[in-house]
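1. Curious how this folds, go ahead:
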Amino acid sequence: MVLPLTAGIPTKPSRRRAAEAKSIDSAKVELEKRVSTSATAISKQVQDLGGDIAFNLVMLSEWSAVIEGAGMLNKDIGELLEKVREGAGLLLERAIKAAGKTLLNVYDKILALLGKDLESEARKKVREWLDQMKEKKSMALFDSFVSSLYQIDKLQEEVKGHLKETGADLDTLNDTTKKVKATSDKFVVFCSRAKMLESALVVAKLIKEPQILAIIAGLQVVLLGVVVFAGNDYVGYRNPRFPNLTQGIAEIVRQNISTEDEGSSST
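-> Here you go, the predicted model:
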């Protein structure tokens, strides 16, 4: 059975619940602000965690292992995780088994929704980014790659347009703001799981077995792709070819306050 993305990690409720806006105008201001802060927070988390994974691959790994590992990814990912666990010892085995559920859960969904062709395309995109960072010896490129993919500035402009045209009532605007925040909170939990797996994989590199190192590098490439494209999905700005694993911020706004025809929001 595939576990829910956030299963197994407790989430702490906010001690202070934000007061709801009392007027249409203030509710629009709050929604616009929440979209901006939430989308930016998701992008920043991806840049931080994804940047760490990319740095480990580009700067701290044998490049031959990265190349070999990336080529292994057509194999069953559960089988690869099992091989790492077998060589890792009891302590690492437990960490990898627990954290690996995130990777298996999201990766299986990506495969089911994209199919092998688009999964391969996403993997090639990550490998292309790693190649460029390796060639230019610049990890700053990763942030620009994420920014270009997520298009948060365009999302913000789109939301401003919706807010100018919408006839949504006060309750709908406040409810939309809550949903946007909840989406951002869910991504924090997702990143916690992904970080657990990355930490386990980094420590597992101490094994120093060439085949294991290649497998670990391959898994890190997969994890990097999952983090980047899951973040993209949570932001949700006009990515019709990417799987819809969750309702992203842009989709929440379009569904609740957009005046566009339903069919036009998917273009």
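2. for the helix or strand encompassing residue 58, which positions count as buried?
-> Residue 58 belongs to helix 24-59 when assigned by DSSP states H and E. Using 16 or more other C-beta atoms under 10 Å as the test for burial, helix 24-59 gives 27-28, 30-32, 34-36, 38-40, 42-43, 45-47, 49-54, 56-58. C-beta coordinates here come from the backbone N, C-alpha and C atoms, glycine included.
3. Who are the packing partners of it?
-> Packing partners of helix 24-59 (3 or more C-beta pairs under 8 Å, 6 or more residues apart in numbering; DSSP states H and E): helix 90-136, helix 140-150, helix 152-165, helix 170-204, helix 210-235, helix 249-257.
4. These: which one's closest to residue 79?
-> helix 210-235 (9.5 Å; C-beta to C-beta).
5. in the closest one, what counts as buried?
-> 212-235.
6. the inter-axis angle of it versus helix 152-165?
-> On the basis of axes from the mean of the first three to the mean of the last three C-alpha atoms, to 10 degrees, helix 210-235 is oriented at 20 degrees to helix 152-165.
7. OK, contacts around the residue nearest to residue 250 when sequence neighbours are not counted?
-> Using C-beta to C-beta, 6 or more residues apart in numbering and skipping residues adjacent in sequence, the residue nearest residue 250 is residue 236, 4.0 Å away. Residue 236 is in contact with 247, 248, 249, 250, 251, 252, counting by C-beta atoms under 8 Å, 6 or more residues apart in numbering.
8. The fourth one and residue 137: what is the separation?
-> Meaning residue 250. Taking C-beta to C-beta, to the nearest Å as the measure, residue 250 falls 35 Å from residue 137.
9. Of these two, which one has the most company?
-> More crowded of residue 250 and residue 137, by other C-beta atoms under 10 Å: residue 250, with 26 against 9.
10. shouldn't that one be in contact with residue 158?
-> Yes. Under the criterion of C-beta atoms under 8 Å, residue 250 makes contact with residue 158 at 7.0 Å.
11. what is in contact with these two at once?
-> The contact lists of residue 250 and residue 158 share residue 237, where a contact means C-beta under 8 Å, 6+ apart.
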